[in-house]
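> Okay, sequence plus prediction incoming.
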Amino acid sequence: MAIERTLSIIKPDATRRNLTGKINARFEDQGLKIVGQKRLLLTEAQAKKFYGVHADRSFFGELCAFMTSGPVVVQVLQGEGAVAKNREIMGATNPANAAPGTIRKDFAESVEANSVHGSDSLENAKIEIAFFFAETEIVE
Ligand code: ADP
Ligand code: MG
């Protein structure tokens with residue numbers, strides 16, 4: 001499988017509980033390299049644009065409020081099949097359905113406050129990485 005890059009976000013429920021290091025260890029221990037990373041407070045406009053694909057969903061307003069409720073850590077993860085591998089490490093959207101040993105099973109508070117975001121395809125990963133990072137901010 002090819003070396004890929006994917007966008008990960010450590011969400012406000014996790015930064016609030018000081019879980020950045022524990023979550024990063026999950027990625028590193030399972031072969032993903034953090035090649036870009038920064039801690040940000042998203043604006044309402046950024047959250048709405050980033051999650052624009054969900055604009056029609058009933059939870060959209062709450063999701064944007066949640067994502068701007070505290071700091072996030074945006075990061076670029078790199079490795080063999082990084083997009084799918086990161087989704088595996090994260091676990092299912094709803095922690096109730098997440099497999100044992102996944103980040104969401106172990107750390108998520110709810111289906112909304114589920115600790116991490118990860119790109120769902122290589123195509124979206126490219127768009128999402130460019131949303132937050134300049135090429136010069138990603139260093140192998
Ligand atoms: P994923 O993050 O696993 O790719 P989605 O793209 O479907 O999941 O949803 C984006 C985010 O919206 C989820 O990670 C979660 O924070 C929130 N979300 C999804 N479904 C719900 C829901 N039914 N109620 C509240 N928030 C939700
Ligand atoms: Mg998604």
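Sure thing, it's come through. Ligands and ions are numbered 1, 2, ... in the order given.
> Just the buried residues of stretch 59-71, please?
Within stretch 59-71, the residues scored as buried using 16 or more other CB atoms under 10 Å are 60, 63-64, 66-69. Where you see a C-beta, it was placed from the backbone N, CA and C, and this is true even at glycine.
> Give me the subset of these lying in helices.
For those, the ones inside helices are 60, 63-64, 66-67, with DSSP state H as the criterion.
> and which of those is nearest to ligand 1?
residue 63 (4.8 Å; CB to the nearest ligand atom).
> Could you tell me how far the closest one is located from residue 135?
29 Å (CB to CB, to the nearest Å).
> related to what we said a few turns ago, just send the ones in helices among the buried residues of stretch 59-71 back as TSV, with pLDDT and distance to residue 107 too.
Shown next, in TSV, are those (pLDDT from 0 to 100; distance: CB to CB, whole Å):
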residue	pLDDT	distance to residue 107
60	98	23
63	98	18
64	98	21
66	98	15
67	98	16
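> In a markdown table, list these along with distance to ligand 1.
Output for those, formatted as a markdown table (distance: CB to the nearest ligand atom, whole Å):
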| residue | distance to ligand 1 |
| --- | --- |
| 60 | 8 |
| 63 | 5 |
| 64 | 10 |
| 66 | 7 |
| 67 | 8 |
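> where exactly do the strands run in the chain?
Using DSSP state E, the strands of the chain run over 3-10, 33-40, 72-80, 116-118.
> quick one, which of these is nearest to residue 88?
Minimum separation from residue 88 across the strands of the chain (CB to CB) falls at strand 116-118, 9.4 Å.
> Tell me the buried residues in the closest one?
116-118.
> Keep only the residues you listed that also lie close to ligand 1.
Checked against ligand 1 using CB under 6 Å from any ligand atom, those yield the following neighbours: residue 117.
> just the buried residues of strand 116-118 now: which is nearest ligand 1?
residue 117 (5.4 Å).
> Provide a list of residues in contact with the closest one.
7-9, 11 (CB atoms under 8 Å, 6 or more residues apart in numbering).
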